[in-house]
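S.K.: missing the sequence, but the structure's below:
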């Protein structure tokens, strides 16, 4: 179905406006959510993930505001050799990550600590990711080729202490700019791009399986999808086709957990999406800090199958993530 416009605020007078929407909220503030201050301090999380990809190279990363244990990472994939040529990750002290509730605030999400000065900022019709991350310098702009983002306002089941999560996904983006690393430079011109901004009061034990893909049909129409299982009640499940954004039903993931570099299959209950990922490389990380544990695998590659009845060959990622945070 065609989506209604996103509300200005996800939570008003303590009540969340759950659903799947076109566009973005003017603010993702959860200030009126009836949650005690200690739980908000510990369980309020937010992140900005990005990816730019062309036939030769892909770059991606994220800044994660996780309260007690913040993190940021950047990776670079050589698509001609099917290998990660750079994978940098940092744990960051709480005061070194900035996250704004309003998209217009600058930066929307940013990190500044030692060899990391990275900012993700919405500007005019584009989204900018710029700065330094260890040996990598990024200067990227991602703009919408067609339909804008999809926002999902989702219930969080955490036993006696429910929360709310707001996630804004974007596919069908055009990526331009450049990255430099270890004396090498790569320029993106009309590459594909994807974004994920998320802000919520999440469960202590959180896990999901996620898939996102983007590209064009044979006739040049921008097309993409975003699917999740085990998280957000499936409310972020959506497809983009030209200027249209539609919600789709629950997604089922099939993959070998012991071999995340093998193929992944994802299919929705309504048949709107039926795709298989052929990974080119896998980014994975296991983190155990006692109170904070994260196990993560993200294969990167090419999706083939059908989206909204159209045969497609797209680029994107899948992900399996389990966190206690």
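M.R.: Received the coordinates, thanks. A quick note: this is a predicted structure, and the numbers were derived from the prediction, not measured. Numbering: from 1, shown residues only.
S.K.: buried ones in stretch 197-206, by neighbour count?
M.R.: 197-203, 206 (16 or more other C-beta atoms under 10 Å). For glycine as for every other residue, the C-beta is placed from the backbone atoms N, C-alpha and C.
S.K.: redo those residues as a markdown table? Include distance to residue 315 and secondary structure.
M.R.: Shown next, in a markdown table, are the buried residues of stretch 197-206 (distance: C-beta to C-beta, whole Å; DSSP: H, G, I helix; E, B strand; the rest coil):
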| residue | distance to residue 315 | secondary structure |
| --- | --- | --- |
| 197 | 20 | strand |
| 198 | 21 | strand |
| 199 | 26 | strand |
| 200 | 27 | strand |
| 201 | 33 | strand |
| 202 | 28 | coil |
| 203 | 31 | coil |
| 206 | 27 | strand |
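S.K.: just name the closest of the residues you listed to residue 28, please.
M.R.: The shortest approach to residue 28 among the buried residues of stretch 197-206 belongs to residue 199, at 4.4 Å (C-beta to C-beta).
S.K.: my guess is the closest one contacts residue 156. True?
M.R.: No. With contact defined as C-beta atoms under 8 Å, residue 199 and residue 156 do not form a contacting pair (11.8 Å).
S.K.: shared neighbours, those two?
M.R.: residue 165 (C-beta atoms under 8 Å, 6 or more residues apart in numbering).
S.K.: hmm, back to that, okay, the buried residues of stretch 197-206 in a markdown table with pLDDT next?
M.R.: A markdown table is the format used below for these (pLDDT from 0 to 100):
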| residue | pLDDT |
| --- | --- |
| 197 | 98 |
| 198 | 98 |
| 199 | 98 |
| 200 | 97 |
| 201 | 96 |
| 202 | 95 |
| 203 | 93 |
| 206 | 95 |
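S.K.: those: which two are farthest apart?
M.R.: Farthest pair in the buried residues of stretch 197-206 (C-beta to C-beta) is 197 and 203. Separation: 19.3 Å.
S.K.: could you measure the residue nearest the centre of the chain against residue 262, distance?
M.R.: Residue closest to the average C-alpha location in the chain (C-alpha atoms, centre = their mean): residue 196, at 2.9 Å. Separation of residue 196 from residue 262 (C-beta to C-beta, to the nearest Å): 24 Å.
S.K.: just for the chain, where's the confidence low?
M.R.: For the chain, the stretches with pLDDT under 70 are 1.
S.K.: one more time with 80, if that's ok
M.R.: Counting by pLDDT under 80, the chain has low-confidence residues at 1, 68, 124-125, 158-161.
S.K.: need the helices for it, in chain order.
M.R.: Secondary structure of the chain (DSSP state H): helices at 37-43.
S.K.: just the strands from the stretch 51-200 of the chain, written as ranges.
M.R.: For the stretch 51-200 of the chain, strands defined by DSSP state E, counting those that start in this stretch occupy the ranges 57-65, 70-78, 83-92, 97-99, 109-113, 116-123, 126-133, 136-144, 150-156, 163-181, 184-201.
S.K.: which neighbouring elements make contact with the shortest one?
M.R.: Spelled out, it's strand 97-99. Helices and strands touching strand 97-99, by 3 or more C-beta pairs under 8 Å, 6 or more residues apart in numbering; DSSP states H and E, are strand 57-65, strand 109-113.
S.K.: list the beta-bridge partners for residue 91.
M.R.: With DSSP bridges as the criterion, residue 91 is bridged to residue 71.
S.K.: make sure it is actually in contact with residue 69.
M.R.: Yes. Using C-beta under 8 Å, residue 91 is in contact with residue 69, at 6.5 Å.
S.K.: the more surrounded of those two?
M.R.: residue 69 (19 against 14; other C-beta atoms under 10 Å).
S.K.: phi, psi for that one please.
M.R.: phi -140, psi 90 (degrees, to the nearest 10).
S.K.: isn't it up against residue 325?
M.R.: Yes. Counting by C-beta under 8 Å, residue 325 is a contact partner of residue 69 at 6.8 Å.
S.K.: common neighbours of these two, please.
M.R.: Taking C-beta under 8 Å, 6+ apart as the contact rule, residue 69 and residue 325 both touch residue 292.
S.K.: quick one: stretch 300-318 to chain centroid distance?
M.R.: 17 Å (C-alpha atoms, centre = their mean, to the nearest Å).
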